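> everything below, folded, please.
(chains A and B)
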Amino acid sequence: GALVYQYPRRTICKSGTSMRMECQAVGFQATSVAWYRQSPQKTFELIALSTVNSAIKYEQNFTQEKFPISHPNLSFSSMTVLNAYLEDRGLYLCGARRAERLFFGHGTKLSVL
Amino acid sequence: GQQVQQSPASLVLQEGENAELQCNFSSTATRLQWFYQHPGGRLVSLFYNPSGTKHTGRLTSTTVTNERRSSLHISSSQTTDSGTYFCGGDSNYQLIWGSGTKLIIKP
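I've put the predicted structure just below:
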């Protein structure tokens, strides 16, 4: 089956510090990885869409300078939240695409103190 | 307008009752998928259903593409079905999310 592991599942960081989260596709090769942030109100924002060997496409309000992504192969992607502040809180989810479907893991819940 | 709309926003049922969740999508948000989000946050892919009817266990998804609607039916609901259900449609390989239906199944 298609599994996606995302870690850490929870993290707390001090305001102004950075944290890195990783996403691993297990059992399949992901044609692309999409990083989302889900607000406490449950709405989703697409941060960026990453395809191996192609430029990473960031959505409006998200930048590479703030959310650098590394996507070195078809099964692994990582994203860092630099200089995290209160507005960066939320559940970060990576969606790994296999054919037409997106598969997600547990997400990384980011709290900022 | 919104490309993907879900209804109802919340649904409370007694265990054993059937649940019916609706999703309406625009012409630009196709290739419908249904997801279940655990209360802890994990998202589970339930169905990829661009058209027709699909079954898995107590779940049935029916998508009528030319009417741009999809439904998720849960039969004989259980307390473990509680959580939030999302539908999403692809638009330029980006998933456009509905706002979700929060389902609460009471024992």
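> dump the residue contacts of residue A:39.
By CB atoms under 8 Å, 6 or more residues apart in numbering or on different chains, the residues touching residue A:39 are A:45, A:90. Backbone N, C-alpha and C define where each C-beta goes, glycine included.
> low-confidence ranges, the chain, go.
Chain wasn't specified; assuming chain A. Applying pLDDT under 70 to chain A flags the ranges A:1-2.
> could you do chain B instead?
For chain B (pLDDT under 70), the answer is B:1-2.
> got the residues of it near chain A?
B:31, B:33, B:35, B:40-45, B:48, B:50, B:84, B:88, B:90, B:93-95, B:97, B:99-100 (CB under 8 Å from any CB of the partner chain).
> I'd say residue A:8 and residue A:23 touch.
No - using CB atoms under 8 Å, residue A:8 makes no contact with residue A:23, being 11.4 Å away.
> and these two? Which one has more around it.
residue A:23 (28 against 13; other CB atoms under 10 Å in any protein chain shown).
> for chain B, what's the nearest residue on chain A?
Of the residues in chain A, the one nearest chain B is residue A:104, at a distance of 3.7 Å by CB to the nearest CB.
> which strand residues bridge the nearest residue to that residue once chain neighbours are set aside?
Nearest non-adjacent residue to residue A:104, counting by CB to CB, 6 or more residues apart in numbering or on different chains: residue B:43, 3.7 Å away. The partner list for residue B:43 in beta bridges (DSSP bridges) reads residue B:37.
> ok, now which ones touch residue B:43?
Counting by CB under 8 Å, 6+ apart, residue B:43 touches A:93, A:95, A:104-105, A:107, B:35-37, B:86.
> returning to that earlier point: find residues that contact each of residue A:8 and residue A:23.
With CB under 8 Å, 6+ apart applied, the contact sets of residue A:8 and residue A:23 do not overlap.
> center of chain A - which residue?
Closest to where the C-alpha atoms of chain A average out (CA atoms, centre = their mean) is residue A:35, at 3.7 Å.
> can I assume that one sits in a helix?
No - Residue A:35 is assigned strand when assessed by DSSP: H, G, I helix; E, B strand; the rest coil, not a helix.
> what residues are bridge-paired with it?
When bridges are called by DSSP bridges, residue A:35 pairs up with residue A:48, residue A:94.
> was I right to think it contacts residue A:44?
No - between residue A:35 and residue A:44 there is no contact under CB under 8 Å: 10.7 Å.
> between the two, which contacts overlap?
In terms of CB under 8 Å, 6+ apart, residue A:35 and residue A:44 are both contacted by the residues residue A:93.
> which part of chain B gets nearest to chain A, residue-wise?
Nearest to chain A, among the residues of chain B, is residue B:43, at 3.7 Å (CB to the nearest CB).
> how far away is that residue from residue A:53?
Using CB to CB, to the nearest Å, residue B:43 is found at 26 Å from residue A:53.
> excluding chain neighbours, give the residue nearest to residue 90 in space.
No chain specified, so I'll use chain A. Here the nearest residue to residue A:90 in space, its sequence neighbours aside, is residue A:37; by CB to CB, 6+ apart that works out to 4.7 Å.
> meant chain B actually
That would be residue B:31: by CB to CB, 6+ apart, it lies 4.2 Å from residue B:90.
> kindly report the same for residue A:58.
With CB to CB, 6+ apart as the criterion, residue A:58 has its nearest non-adjacent residue at 4.5 Å, and that residue is residue A:48.
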